[in-house]
Structure formats: C-alpha cells, structure tokens
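Asker: Sequence and predicted structure, then a few things I'm wondering about:
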Amino acid sequence: MPQDIRQMRVDLAAVFRMAAHYNWHESIANHFSLSVSEDGKQFLMNPKWVHFENITASSLLLIDADDPDTMTGANAPDPTAWIIHGHLHRAAPQARCILHVHSPYATAVATLADPEIKPIDQNTARFFNRVAYDHDYGGLAENDDEGARLVRVLGNKSIMMMGNHGVLVTGPTVADAFDNLYYFERACQTLILAYSTGKALSVLSHEIAEKTAQSWEDYGGYAEAHFDQTKILMAKKDAGFAA
C-alpha cells in the first residue's frame, strides 16, 4: 500500500493501544476513524467488536462514507459506528480524525445536568468556548437522522460532549485528536475532583480563559511531540499494533 496510507494505519492503530493504556476504552465498544482521502469520505476505522488491545494497522477497515453497500458486506462495521463516523466524515471536513470514547471522567461529566467544562485551571481553560454540547441523547445511534443530528450539533467545533453518553474528539491529524482527547479527559478529571470537594469552584474570567485557550492553540508542535513520545512508550510495551 502507499507509504502515507501505511503510516496512517500505524498511527491510528497506536491510538487504540494508547486508549487501552489510559483506560479510556470500554470492552469491545467505541470507535476511532481517520480520513485517508482528500475529501475526507474514505476513512480507516476499527473492525466490529475487536478489543482496542487487539487492533493492528492491517486489521483496520477502509470505508467509503458514500458507499450505500457498506453495511451489507462481510466486514461491515458496527452499525452505530457507521452512523456516527460515516455522517461526520461525509459532512464535517474538519473531522479528519475522530475519536469517540466513554472514558471515565468525560462520561461522568457528560451525566451532569450542567456538563460544561468550567475553566478552573489551564487544562480546563484549554477548552473554553471550544466544545459543542449535545443535550438530546435518545439512545444508540441507529439511524441516519441521528447521524445528521450529531453533525449539526458538532458544527464547526472539534469536540462534542455527548450528554448522557461520552465524548467525541476530532482533529486534522491523529496527533491533534489524541492530544485533544488526552487533555480533555484530564480536564474532566480535574473538574470531577474539584466538584467532589463540595466547595465552590474558582472559575477563571472569560478573558483569562480565552487567553489560556489561545495560548494552547499557539503552542506549535506540542501535539506531534506528545503523540510521538507516547507512541514510543506503546512500542516498548508491545509493538504489535504496527503489524
């Protein structure tokens, strides 16, 4: 296969191992995907019902969001993954890499009546005014109407807090999406721990929160370095993801 597609497969497979390492995974559920075509409609995604620890570069499915026969083939993906990722890759061009998990702290925040990520430190402030919030969970994503609805909720944002569900993080590259997910889960952990004290939160002003978020966006090269260093750690643990 072309070398660039091969590297995309390896990088996406590595993120599955990272998610398992950090305990963001949930049994054989949840899905990651990565666009490989210029228009974003052809994408890699994990096969149906395979544990994140067992995902390899060669096992990733290559899917076309415009192929009406996707769900009738022998290697059809999970139907909820097809609805969510298929619609987003078809209609949300900024979502080149999509990571959807039910990670512990993000999911806990998603169950709150007010799931907003309050800017109380520099990690939570990173996401100030940069998260779309879905308050209309209606069960498993099983039809095209739900896929189209999620596209509308995400809008031009890169992260969607899925109320009563989990989180969906996107990025222009695997490194960007992984870095976003890592810090989003850390931000939710900080928020949950702060809430657990029962004390009032010290929320940053809008001006300081926006300044901090902008500083994160201007911190060039950080996501790539974070991803590369974590990939080295995963390879030391088990380099089988690259197979």
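Answerer: Here it is on my side, so go on.

Asker: What separation do you get for the residue nearest the centre of the chain and Asp134?
Answerer: Closest to where the C-alpha atoms of the chain average out (CA atoms, centre = their mean) is Leu99, at 2.3 Å. The gap separating Leu99 from Asp134 is 16 Å, by CB to CB, to the nearest Å. (Each C-beta comes from the backbone N, C-alpha and C, glycine too.)

Asker: And the helix of greatest length in the chain, what's buried?
Answerer: In the chain, with assignment by DSSP state H, the single longest helix is helix 174-196. Neighbour-count burial for helix 174-196, counted by 16 or more other CB atoms under 10 Å, picks out 174-191, 194.

Asker: Over to stretch 101-114?
Answerer: For stretch 101-114, by 16+ other CB under 10 Å, it's Val101, His102, Ser103, Pro104, Tyr105, Ala106, Thr107, Val109, Ala110.

Asker: Now tell me what touches the following helix or strand past the longest helix of the chain from outside.
Answerer: Moving toward the C-terminus from helix 174-196, the next helix or strand (DSSP states H and E) is helix 206-217. For helix 206-217, contacts defined as CB atoms under 8 Å, 6 or more residues apart in numbering pick out Pro119, Gln122, Ala125, Arg126, Phe127, Phe128, Asn129, Arg130, Leu204.

Asker: Could you find the closest non-adjacent residue to Asp64?
Answerer: Nearest in space to Asp64, with sequence neighbours left out and distances taken as CB to CB, 6 or more residues apart in numbering, is Gln42 at 5.2 Å.

Asker: Ok, Arg9 next?
Answerer: Closest to Arg9 by CB to CB, 6+ apart is Ala57, at 3.8 Å.
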